[in-house]
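**Q** need coordinates for the following:
(2 chains)
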Amino acid sequence: MNEIFPNLAVAYGEIFLGIGAMALLMIGVFKKDSVNLVSWLSAIFLVVALFLTVAGTGDVTYTFNNMFVADKFTNFMKILVLVAATLAVIMSREFFRLEGDDRFEFPVLMVLSTLGMMVMVSANDLMTLYMGIELQSLALYVLAAFKRDSERSTEAGLKYFVLGALSSGILLYGCSLVYGFIGSTNFSAISMAVSNMGEGGAPVGAIVGLVFVLAGLAFKVSAVPFHMWTPDVYEGSQTPVTAFFAVAPKVAALALLSRTLYVPFGEMSASWGQVVIFMSVASMILGSFAAIMQSNIKRLMAYSSIGHVGFALLGLIAGNAEGLRGVMIYMAIYLVMNVGMFVCIMCMRRKEEGMVEDIKELSGLGRNHPALALAISIFMFSLAGVPPLAGFFAKWYVIIPIVNAGYFTLATIAVLASVVGAYYYIRIVKIMYFDEPVEEFVAQKSFPMKIIATLSAVLVLAFIVPQISSPVLDGATAAAQGLSQK
Amino acid sequence: MYQTIVFLPLVASLIAGLFGRQIGDRGAQVVTCGALIISAVLSWVAFFQIALAPGDHALNVQVLSWIVSGDFNVNWAFQIDTLTAVMLVVVNTVSCLVHIYSVGYMSHDPHIPRFMSYLSLFTFAMLMLITSNNFVQMFFGWEGVGLASYLLIGFWYKKPSACAAAIKAFVVNRVGDFGFALGIFAIFMTFGSADFSVVFSDVTSYADQSIHFIGMELDLLTTICILLFIGAMGKSAQLGLHTWLPDAMEGPTPVSALIHAATMVTAGVFMVARCSPLFEYAPAALEVVCIIGASTAFFAATVGMSQFDIKRVIAYSTCSQLGYMFFALGVGAYGAAIFHLFTHAFFKALLFLGSGSVIHASSDEQDMRNMGGLRTKIPVTFWMMTIGTLALTGFPFFAGYYSKDMIIEAAYAAHTGVGSYAFGLGVAAALMTSFYSWRLVFMTFFGESRASKEVQDHVHESPQVMLIPLYVLALGAVVAGYVFSGYFIGDHYEDFWAESLFLAGENVMEAAHHVPTWVVASPFIAMVVGFVTAWYFYIKEPSMPGRFVATFRFAHALSFNKWYFDEIYDILFVKSAMKLGYIFWKRGDENIIDRYGPDGVSAAVVRVAEKFKALQTGYLYHYAFAMLIGLSAFVSWFVLGGQ
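**A** Have a look, this model is predicted:
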């Protein structure tokens, strides 16, 4: 299997982005007042990387000594990651332009982080896995603490970094256990070894290793009980950072989690199934209940994301292609809803106070800014899973597989959790339309922001139209079949 | 043509109701009145073609298929026979006149299009009811008129008493409708169809059969007929379910004339007549009809004698006259009942519209104690009211004379126990009818005016648009009896009614023509006695009523308080229902369902949410601790449980 010279074509996107990031760094350093240029170039580079990824055949191809893989699944997930990252770059650019706190490192860090995510998605070896995670995380630590003079931002960055280091430690320890008991770090090799052992034949050490790896990855998707950092970091970081945090890393980590569970440890699904069920249920319940008491919209979105990850994990529990497809559809819809919602959150700005984040500030928005209120309502109803909006279908496609797989209790819990969750989403709609208006926000002047919000809202509304939803559904179907043997 | 008659009012109603704002008050009036005039003229044409032409001309007109479900087939279809034709004439003529009258009467109201729309909607529903060829469509019309009645009684929805009256009318009618619906279910269960033609032709094969119901053995047809009659009782305000009718006078006066005198309240009479093939084979049910009818006639007349609200007097009079119609049905004199329905429509609508004119003249005053001496000020109205009263009391050769006397004679001629009962009460009621009718005229038009100065100065005759309908109705009240008695109850009976009314045995009206002279004379004598008494009480000796009341305190109290029906119902049904509702609300809903349901769950959710919030301390080592605890829990789970 060893090549003399690795097949670089598989990784053109990553390579381009890596070189691009270096180039951007140079431009930023040597060219004065280059923030604008760097930002837009970053966005363009991400789009180019997107095209390079899409240009791939979609056939299963390994390279770099089997450590790197590209197939339909990685393509699908990378598209999501890159779209999310591009939008995040544009959003943060517009945000900082208005806030007047421009620094060119910001987009560069985002590009680097995105590169890490792409590596994560394509990882076919515990080594690549770790490398991707670290590349992603290091950039994110910096982003979280990006506003150096803000206590909250620094605290967020520090917390994320310390806990992230702890999780990396756990992950690495897991990797070493797996290597020690199975004898390889390569996913394909592990898969073969595990299937040779047969059901229940895996040594305890390997299982413990798997649990440790799982815990490390769960930290990245912020599943309970490894979620504790999420609300604090979401709240403390600047809004564009949160917007970035909320989508792209989640997609990448979930992609990595799916591959890790399905490919090397696919034969051990009986073992990890239990853990994933626990994490999924706990995340859904905690996400729904804890959000009720929140008054900060970003904190609320943090709990919302915990809850949504719980739902997405449901798909993995089914352990088959149908479930995996559900996860992918879920993430695609989750991306649209969150991006749209965060654009709206960025619109919560007053002349004197600047950005505001309390939910009460939305009072009477329906009268002051009807269009914004309508957009938020659409996203809220969609996040709550009200048909016929996209969020409903996201839940539909993960719940149906687990019902088919016979997990009725689990499906019931999921539905009940979404009922509780609906309370806090719809409460925001109530506040906007039925509470006494407070001072108006500054009107959003950025054209790209408007476009992103409108487009997201339209997509959420129009997902029910087959012509809109079929590319996502078909792409997910094809990708899921490639990854899952069952 | 028949489609036009029935659907034109619906179209007019929709136009006036939906586009009232666009076409304005005048537009709504023109559209609805125009539609009704056309319908009325066509109805008379139909009447001459179907009823008056010799031979049987009954028609079946299919319009649409409505419900097709298994064996259950219902069509929108018209059955046009003499009975329907008579009703068409009554409904459309009165409705048309009331529409025109309303143009004047409601001229100061801000919601004219809505009013006209409701009136036309009512007319449409009533036409659906009377033209139906099956029970289901009839029920549609039945409920439709109930709805329109509700809307019109509560037309002045800002007046709490009007809303209460509307709700009362609706709820009391529901009781009757429940019986009617059960009757229809029983009919479908028995006959496998709801079409009149099928049901009526099969009826003989079910005579004397019985059904079992919770341990009781009931005669099948009697049960069906009594259920149907309960429906009729509700709609026609018969004793027990009559309480809504006097309150319904809260509605505008044209409504009282149209719905609560001439048309809707007679729907019960019409329905029993339509079902004569069923009732004829259920003699026990007919006896019930007869007893209830006679009792209502008597009861309502006693109450009418002591009321002071001019419209309530006429309302009780209506109730009483409906009682006459029912006991006529009960003794098998269907023709007489429908004839009385026909003549009553004219003179009662006349009386109502006349009283509306009085009310209009005296600034919306309805209490007769504040009237008096209006004869010279509004002479036209006075004469119209007098004609109406003559017709109602059965003065010879006026309309009521023919129909009412026939009913009383038929009751006697039946020679049954219930027939005699009805005869006795009927004559007594005739006396009282005469008394309260003349009392109304004397109190309103004679003597000194008891109204306030401003009202007196303001008294004026109504405009022509209100008077012309009065002339037309007066004409009907004078001649309708003389002209049509030969057809309805006389020599042309067979030819006129053809197949539309059914008789199993002898025609009681044949016998009624040959009763002893004292029987024939008795209603006339009763009428004269009533007139003289009223004259003595209110013209000759105005202190008499007070002394009379002082002497017969109990009897007066019973009459004045309407035999305490409302009070008894209030205790029996309203209060106990409220009490039951209160228990369900407070104990059942709030204390059990809410407490453990929504309230309990939401409280629990908040408690859980607070606990979760408390978990998020903000301390880094707590977070790290949680991660490690989670991790070790997972590992233990695997190592201990998995192996």
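**Q** what about the residue lying closest to residue B:605 once chain neighbours are set aside, which helix or strand?
**A** Closest residue to residue B:605 in three dimensions, ignoring its sequence neighbours and counting by CB to CB, 6 or more residues apart in numbering or on different chains: residue A:420, at 6.1 Å. No exception for glycine: its C-beta is placed from N, CA and C like everyone else's. Under the criterion of DSSP states H and E, residue A:420 resides in helix A:408-434.
**Q** packing partners for that helix?
**A** helix A:269-292, helix A:297-318, helix A:365-368, helix A:370-384, helix A:390-404 (3 or more CB pairs under 8 Å, 6 or more residues apart in numbering or on different chains; DSSP states H and E).
**Q** kindly list the longest strand within chain B.
**A** strand B:59-69 (DSSP state E).
**Q** show me what that one packs onto, helices and strands only.
**A** Taking 3+ CB pairs under 8 Å, 6+ apart as contact, the helices and strands that strand B:59-69 lies on are helix B:2-18, strand B:72-80, helix B:135-153.
**Q** let me know the angle separating whichever helix or strand comes after the shortest one from strand B:59-69.
**A** Past strand B:72-80, further along toward the C-terminus, the next helix or strand under DSSP H and E is helix B:82-105. Regarding helix B:82-105 and strand B:59-69, their directions subtend 90 degrees when assessed with axes from the mean of the first three to the mean of the last three CA atoms, to 10 degrees.
**Q** same for helix B:82-105, what does it pack against?
**A** Contacts defined by 3+ CB pairs under 8 Å, 6+ apart place helix B:82-105 against helix B:2-18, helix B:20-46, helix B:112-131, helix B:253-257, helix B:267-274, helix B:334-361, helix B:464-488, helix B:493-497.
**Q** can you give the distance from it to the centre of its chain?
**A** 15 Å (CA atoms, centre = their mean, to the nearest Å).
**Q** next one: stretch B:140-158
**A** For stretch B:140-158, the gap between its own C-alpha mean and the chain's C-alpha mean amounts to 11 Å (CA atoms, centre = their mean).
**Q** export only the CA atoms of it, formatted as CSV.
**A** The C-alpha coordinates for stretch B:140-158 follow below in CSV (Å, rounded to 0.1, in the frame of the first residue of the first chain):
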residue,chain,number,x,y,z
PHE,B,140,-79.8,21.4,7.6
GLY,B,141,-82.5,24.0,7.1
TRP,B,142,-83.7,23.4,10.6
GLU,B,143,-80.3,24.2,12.0
GLY,B,144,-79.9,27.0,9.5
VAL,B,145,-83.0,28.8,10.8
GLY,B,146,-81.8,28.2,14.3
LEU,B,147,-78.5,29.9,13.5
ALA,B,148,-80.2,32.8,11.7
SER,B,149,-82.6,33.2,14.6
TYR,B,150,-79.6,33.3,17.0
LEU,B,151,-77.9,35.9,14.9
LEU,B,152,-81.0,38.1,14.6
ILE,B,153,-82.1,37.9,18.2
GLY,B,154,-78.6,38.9,19.2
PHE,B,155,-78.4,41.5,16.4
TRP,B,156,-78.0,44.3,18.9
TYR,B,157,-75.1,42.4,20.4
LYS,B,158,-74.0,45.2,22.6
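**Q** same question for it, mean pLDDT?
**A** For stretch B:140-158, the mean pLDDT works out to 91.
**Q** how about stretch B:634-643?
**A** Along stretch B:634-643, the predicted confidence averages to a pLDDT of 74.
**Q** residues contacting residue B:87?
**A** Under the criterion of CB atoms under 8 Å, 6 or more residues apart in numbering or on different chains, the contact list for residue B:87 reads B:130, B:270.
**Q** OK, contacts around residue B:545?
**A** The neighbourhood of residue B:545, defined by CB under 8 Å, 6+ apart, consists of B:537, B:538.
**Q** if you could redo that for residue A:172, that was the one I meant.
**A** Under the contact definition (CB under 8 Å, 6+ apart), the residues listed for residue A:172 are A:130, A:216.
**Q** next one: the one 3 residues further on
**A** For residue A:175, the contacting residues are A:126, A:129, A:130, A:185, A:209, A:212, A:213, taking CB under 8 Å, 6+ apart as the criterion.
**Q** near chain B too, which of the residues you listed?
**A** Within the set of the contacts of residue A:175, contact with chain B (CB under 8 Å from any CB of the partner chain) is found for residue A:212.
**Q** now, among the contacts of residue A:175, which is nearest to residue B:531?
**A** Distance to residue B:531, by CB to CB, is smallest for residue A:213 among the contacts of residue A:175, at 109.1 Å.
**Q** any idea how many residues pack against the closest residue to the closest one other than its chain neighbours?
**A** What sits nearest to residue A:213 in space, not counting adjacent residues and going by CB to CB, 6+ apart, is residue A:174, at 3.8 Å. Residue A:174: 23 surrounding residues under other CB atoms under 10 Å in any protein chain shown.
**Q** one more: residue A:37?
**A** Applying other CB under 10 Å, I find that residue A:37 has 15 neighbouring residues.
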